[in-house]
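> test case, fold it:
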Amino acid sequence: MHIHFISIGGSAMHNLALALHEKGYIISGSDDEIFEPSRSRLAERGLLPEKEGWFPEKLNNGIDAVILGMHARAGNPELEKARELGIRIFSYPEYLYEHAVDKKRVVIGGSHGKTTITAMVLHVLKHCGIDADFMVGAKLHGFDVMVKLTDEAPVMVFEGDEYLTSALDRRPKFHVYRPHTALLSGIAWDHINVFPTWESYLEEFDKFVALIEPGGSLVFCSEDAEVVRLAEKHKSGLRIAGYGLPQYVIERGITYLVDGNIKIPLKVFGRHNLVNIEGARMLCRELGVSSENFYEAIGSFPGAANRLELVAEGDSSAFFKDFAHSPSKLRATVEAVSEQFPQRRLVACIELHTFSSLNGDFLEHYRGTLDCADMPLVYFNPNTIRLKKLPELRADDVKKAFGNENIKVFTDSEKLAGELMSVDWTDKNLLMMSSGNFNNMPMGVVISKVAGISRLS
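Sure, this is the predicted structure:
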């Protein structure tokens, strides 16, 4: 089987290419820009294109299928050549669905928590020796790949992203997978460049629940009113089960789940992660995992990469990074670190990087999200705003939107780095949150110079 990837360098696309290469498929591909770590990972397997660009001459009748990535646009010369030759063309989600069409499909959706819950489920299944294919949107501890495709596994677990399937297919990705079992973690408006109103965003989750296979099941967060409403609306013909915050205690900086007389120490913390754990437990129950086996496994779960990830620590300080960028994720992450370390002051910094977060009309949704931080910082790059063709943002606009006069706003990453290096880090934690990279600020160098933090990972 020969598969050609148009836009092979994307995070998801190159992982799928590696997974199919592992299965013994012949893989070719093109892209007009390929960054790390995709470049090195493709090169290691001999899959890195010789030159960047689009080369329709690569397409011929010996190719069995073409997979089209999000980066490819209408009119792409390789896409046009594939159509001319009559080669089957799939989007990334469509190809995954084709692979899993005869498997039990489990899809984890929601505006927040889906990567972490997917990671928890996969961690538990692996611990219990249950074979499952999967697709997840982040590198997971204990897993070499973000996509696993086999002929043998009876189950496939998908992280259900609500963003668009491809540049040519305006369906959200999670509409393609048609789950037998689904989880919905919560709904908080995001991606306003695609879903310009709350109603249009909510409608896609409504459709997602409606696409669960007849006789299937929905596990849902009972703490989210909109999710509860959707579960009630679609419960006819489905098995539904709600979940919420489990019992827990925090002792000497460690969070314990409490199950009767048993306390299970965790490597992760935060109210949102505890709710995620309960959702993962109930989803695993649908896959035949007992609560006893789940608790035995979840204690060793190390967290998902870039999700409240401990980067460095000292005797009285720690540095965490998180992918948090939407208001709900930001609030949950800041509150989690604040609750876990009440004896330490919290320095929390968010980079406004996404289209939504840099939109002045949407910015009001961030009100109060940094209020649990003792030293709240906000950074944005004016050049990013120009590239996204958005109106100019002013520091005063940001402070007003967040509703916190203590916020310091930075538009220069070097000045932000200087601010961090000037802090006395005794009895303080640092939390850096972004889906970007703070304009390539050398985080390792900055943190290594921060007094009190002695070990970097």
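> and the lowest mean pLDDT element among the helices and strands of this structure?
None of the helices or strands of the chain scores lower by mean pLDDT, DSSP states H and E than strand 455-456, at a mean of 46.
> could you look up the SS state of the closest residue to N381 other than its chain neighbours?
Nearest residue to N381, sequence neighbours excluded (CB to CB, 6 or more residues apart in numbering): N439, at 5.0 Å. C-betas here are computed from N, CA, C, even on glycine. Assigned state for N439: coil (three-state reduction, DSSP: H, G, I helix; E, B strand; the rest coil).
> pretty sure N439 contacts T411?
No - using CB atoms under 8 Å, N439 makes no contact with T411, being 9.5 Å away.
> where does the nearest residue to S38 once chain neighbours are set aside sit, in terms of helix or strand?
Nearest residue to S38, sequence neighbours excluded (CB to CB, 6+ apart): H14, at 4.3 Å. Assigned by DSSP states H and E, H14 belongs to helix 11-22.
> which SSE is immediately downstream of the helix or strand harbouring R170?
Using DSSP H and E, R170 falls within strand 169-172. Note on strand 169-172: by DSSP H and E, the next helix or strand toward the C-terminus is strand 181-184.
> send me that following strand as PDB with only the CA atoms.
In PDB, the C-alpha atoms belonging to strand 181-184 read as follows (Å, rounded to 0.1, in the frame of the first residue of the first chain):
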ATOM      1  CA  THR A 181     -18.800   5.400  23.200                       C
ATOM      2  CA  ALA A 182     -18.200   9.100  23.800                       C
ATOM      3  CA  LEU A 183     -17.100  11.400  26.600                       C
ATOM      4  CA  LEU A 184     -18.000  15.100  26.700                       C
END
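> list the helices and strands the helix or strand that it is followed by packs on?
Downstream of strand 181-184, the next assigned helix or strand under DSSP H and E is helix 198-210. Counting contacts by 3 or more CB pairs under 8 Å, 6 or more residues apart in numbering; DSSP states H and E, helix 198-210 is packed against strand 104-109, strand 169-172, strand 181-184, helix 225-233.
> to P376, which of the ones you listed lies closest?
Proximity to P376 (CB to CB) singles out helix 225-233 among the helices and strands packed on helix 198-210, at 28.0 Å.
> past that closest one, which element shows up next along the chain?
Per DSSP H and E, the first helix or strand lying C-terminal to helix 225-233 is strand 239-243.
> quick one: that next one to helix 198-210, angle?
If you take axes from the mean of the first three to the mean of the last three CA atoms, to 10 degrees, strand 239-243 sits at 130 degrees to helix 198-210.
> how far does strand 239-243 sit from the chain's center?
Chain-centre distance of strand 239-243: 23 Å, with CA atoms, centre = their mean, to the nearest Å.
> just want the angle from that strand to helix 225-233.
160 degrees.
> buried residues in strand 239-243?
Neighbour counts over strand 239-243 (16 or more other CB atoms under 10 Å) mark 240-243 as buried.
> low-confidence stretches in the stretch 51-200 of the chain?
Counting by pLDDT under 70, the stretch 51-200 of the chain shows no low-confidence range.
> which residues of it fall in strands?
65-68, 88-91, 104-109, 133-135, 147-148, 155-160, 164-166, 169-172, 181-184 (DSSP state E, counting those that start in this stretch).
> need these in TSV with distance to K388, can you?
As requested, the strands of the stretch 51-200 of the chain are exported to TSV (distance: least, CB to CB, whole Å):
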stretch	distance to K388
strand 65-68	24
strand 88-91	24
strand 104-109	26
strand 133-135	28
strand 147-148	29
strand 155-160	25
strand 164-166	16
strand 169-172	20
strand 181-184	29
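> would you list every one of the helices in the chain?
Secondary structure of the chain (DSSP state H): helices located at 11-22, 38-44, 77-85, 92-100, 114-127, 198-210, 225-233, 271-286, 291-298, 327-340, 382-387, 395-402, 413-421, 443-448.
> shared neighbours of N439 and T411, which are they?
Residues within reach of N439 and of T411 at once, by CB atoms under 8 Å, 6 or more residues apart in numbering, are N381.
> what's around W198, how many residues?
W198: 13 surrounding residues under other CB atoms under 10 Å.
> surely it meets W189?
Yes - W198 is within contact range of W189, at 5.0 Å (criterion: CB under 8 Å).
> tell me the residue in the protein that is farthest from the middle.
What lies farthest from the middle of the chain is N61; by CA atoms, centre = their mean that is 36.9 Å.
> so what's the residue nearest to H272 when sequence neighbours are not counted up against?
Leaving aside its sequence neighbours, H272 sits nearest to A332 (CB to CB, 6+ apart; 3.9 Å). Going by CB under 8 Å, 6+ apart, A332 touches 112, 270-272, 324.
> now what about stretch 255-263, what contacts it?
246-250, 264-266, 268-270, 274, 277, 291, 295, 298, 340.
> quick check: PyMOL command selecting the buried ones in the residues you listed.
Entered in PyMOL, the line below selects the buried ones among the contacts of stretch 255-263, by 16+ other CB under 10 Å:
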select buried, resi 248+264+266+268+269+270+274+277+295+298+340
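> and D144, its phi and psi?
With angles defined as degrees, to the nearest 10, D144 shows backbone torsions of phi -80, psi -20.
> what distance do you get for it to T150?
Relative to T150, D144 is positioned 14 Å away (CB to CB, to the nearest Å).
> higher neighbour count, those two?
More neighbours surround T150 than the other of D144 and T150, with 14 against 9 (other CB under 10 Å).
> need the contact list for that one.
T150 makes contact with 23, 131, 133 under the criterion CB under 8 Å, 6+ apart.
> same check on R41?
14, 18.
> equivalent analysis for S38, please.
8-11, 14.
> of the buried residues of strand 239-243, closest to G303?
Y243 (19.5 Å).
> tell me what that closest one is bridged to.
Beta-bridge pairing for Y243 (DSSP bridges): C221.
> on that earlier part again, compare the contacts of A332 and tell me which is most surrounded.
Within the contacts of A332, most neighbours by other CB under 10 Å means A324, with 28 neighbours.
> ok, now how distant is H71 from E52?
To E52, H71 is 12 Å away according to CB to CB.
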